[in-house]
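Participant: I would like the atomic coordinates for the input below:
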Amino acid sequence: MSEFLVIGGSRYFGRHLVTLLRDAGHAVTVLNRGSSAPPPGVAHLAADRDDEPALRAALGARSFDAVIDQVCYTPHQAAVARRVFAGGRAGRYVMTSTMEVYDPATFAGPRAQAPAGGMTESSLDPLRRLPRAAAAAAARYAGDKRRAEAVFLREPAFPYVSVRSAHVLGGAAQDFTGRLAHYVERIGAGLPVDVHEAPYATSFIHHREIARFLAWAAEGTFTGPVNAASHGPLTVTALTGTVGERIGRAPRHRIVADGGQASPFSFDRAYALDNGRATRLGFPFGHTDAWLPGAIDETAPPR
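Facilitator: Below you'll find the predicted structure:
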């Protein structure tokens with residue numbers, strides 16, 4: 001039996017991750033600020049992970065075979081974690097990162113040409129200083145994730161994995177961003193969906209699949225960045241087409257002008273993910289065609 005710590009694992013797909021680990025026979029502890037209780041059979045620690053003394057006090061002398069950090073958003077949080085879990089207190093450290101670290105719109109300068117098969121892990125070196133983009137929320141989020149990854153890579157303190165997750169989708173209870181609901185509601189109401197004239201495909205993963213992936217990464221021995229995405233990237237028009245089929249109403253698309261604000265998942269640049277490294281390591285990804293219809297059905301109101 002292994003000892004796992006999940007930081008911030010009481011909501012959305014994190015809760016499913018915790019139950020997967022528990023049901024696999026591991027001893028699981030969840031650490032958060034105390035706002036959400038973990039599932040039965042799971043230990044709970046309360047601390048603000050930004051407060052290093054409080055985090056150390058909550059952990060005491062405990063060490064873990066693996067730490068899965070779902071809420072490492074900034075380089076400060078990464079630095080705190082690196083110091084706290086150094087010295088053998090984490091057998092491996094799995095950070096939930098994001099595909100947005102690759103987004104060429106979130107750093108200044110000319111946009112790099114994406115590889116034909118999608119972004120590989122080597123497409124981004126977090127240790128290379130990138131010019132900062134404008135202070136939009138998306139750019140800050142992506143930049144902070146890149147810099148958080150760099151903290152762990154610059155001064156290694158334990159075996160480290162960064163899971164660069166595709167866009168996570170699921171049913172209504174798991175769609176915490178509301179982006180799938182945006183399409184279901186607008187198409188269901190007959191309202192137009194704003195899209196780019198020639199949108200690029202992007203990558204997705206089901207909320208249960210990313211939970212399985214994180215559990216697999218925590219139990220593994222590989223290190224470094226790894227992309228997590230279902231097979232089958234989708235353009236926004238393919239996504240709206242599937243939504244329309246499931247709810248019985250054809251989508252209406254409205255083309256936005258260059259620089260205009262499009263709907264979620266409509267992109268004017270390429271940065272879909274190549275999931276080849278994880279596949280070669282043995283993770284069996286599903287296909288978006290297999291789970292997207294069910295996710296839409298769970299999001300749509302009963303007819």
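Participant: quick one: which helix or strand includes Thr242?
Facilitator: Per DSSP states H and E: Thr242 is located in helix 236-247.
Participant: Show me which residues of the helix or strand that that helix is followed by are buried.
Facilitator: Sequence-wise, the next helix or strand downstream of helix 236-247 (DSSP H and E) is strand 253-255. Buried residues in strand 253-255, defined by neighbour count with 16 or more other CB atoms under 10 Å: His253. Quick note: C-beta positions are derived from backbone N, CA and C, even for glycine.
Participant: Stretch 212-225 now?
Facilitator: Arg212, Phe213, Leu214, Ala215, Trp216, Ala217, Ala218, Glu219, Gly220, Thr223, Pro225.
Participant: What does the pLDDT read for the nearest residue to the fifth one once chain neighbours are set aside?
Facilitator: Pointing back at Trp216 there. Nearest residue to Trp216, sequence neighbours excluded (CB to CB, 6 or more residues apart in numbering): Phe283, at 5.6 Å. On the pLDDT scale, Phe283 is placed at 98.
Participant: isn't Phe283 right up against Ala215?
Facilitator: No: here Phe283 does not reach Ala215: they are 10.5 Å apart, not a contact under CB atoms under 8 Å.
Participant: any common contacting residues for the two?
Facilitator: With contacts defined as CB atoms under 8 Å, 6 or more residues apart in numbering, no residue is shared by Phe283 and Ala215.
Participant: Just the pLDDT for the residue nearest to the spatial centre of the chain.
Facilitator: Central residue of the chain (CA atoms, centre = their mean): Ser165, 3.7 Å from the mean position. Looking at Ser165, its pLDDT is 97.
Participant: circling back to that earlier point, what helix or strand is the residue nearest to Trp216 on?
Facilitator: Judged by DSSP H and E, Phe283 forms part of no helix or strand.
Participant: gap between it and Ile205?
Facilitator: 11 Å (CB to CB, to the nearest Å).
Participant: re earlier: I'd like the buried residues of stretch 212-225 as TSV, with secondary structure appended.
Facilitator: Below are those laid out as TSV (DSSP: H, G, I helix; E, B strand; the rest coil):
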residue	secondary structure
Arg212	helix
Phe213	helix
Leu214	helix
Ala215	helix
Trp216	helix
Ala217	helix
Ala218	helix
Glu219	helix
Gly220	coil
Thr223	coil
Pro225	strand
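Participant: Widest-spaced pair of the residues you listed?
Facilitator: Arg212 and Thr223 (19.5 Å; CB to CB).
Participant: helices or strands up against the helix holding Thr242?
Facilitator: Applying 3 or more CB pairs under 8 Å, 6 or more residues apart in numbering; DSSP states H and E, one finds that helix 236-247 contacts helix 179-188, strand 193-195, helix 288-299.
Participant: Now render these as TSV, adding distance to Phe85 and mean pLDDT.
Facilitator: Formatted as TSV, the helices and strands packed on helix 236-247 follow (distance: least, CB to CB, whole Å; pLDDT from 0 to 100):
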stretch	distance to Phe85	mean pLDDT
helix 179-188	33	94
strand 193-195	44	96
helix 288-299	34	95
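Participant: So in the chain, which helix runs the longest?
Facilitator: For the chain, the helix with the greatest residue count under DSSP state H is helix 137-154.
Participant: Which other helices and strands does that one contact?
Facilitator: Helix 137-154 packs on helix 75-84, strand 93-98, strand 160-165, going by 3+ CB pairs under 8 Å, 6+ apart.
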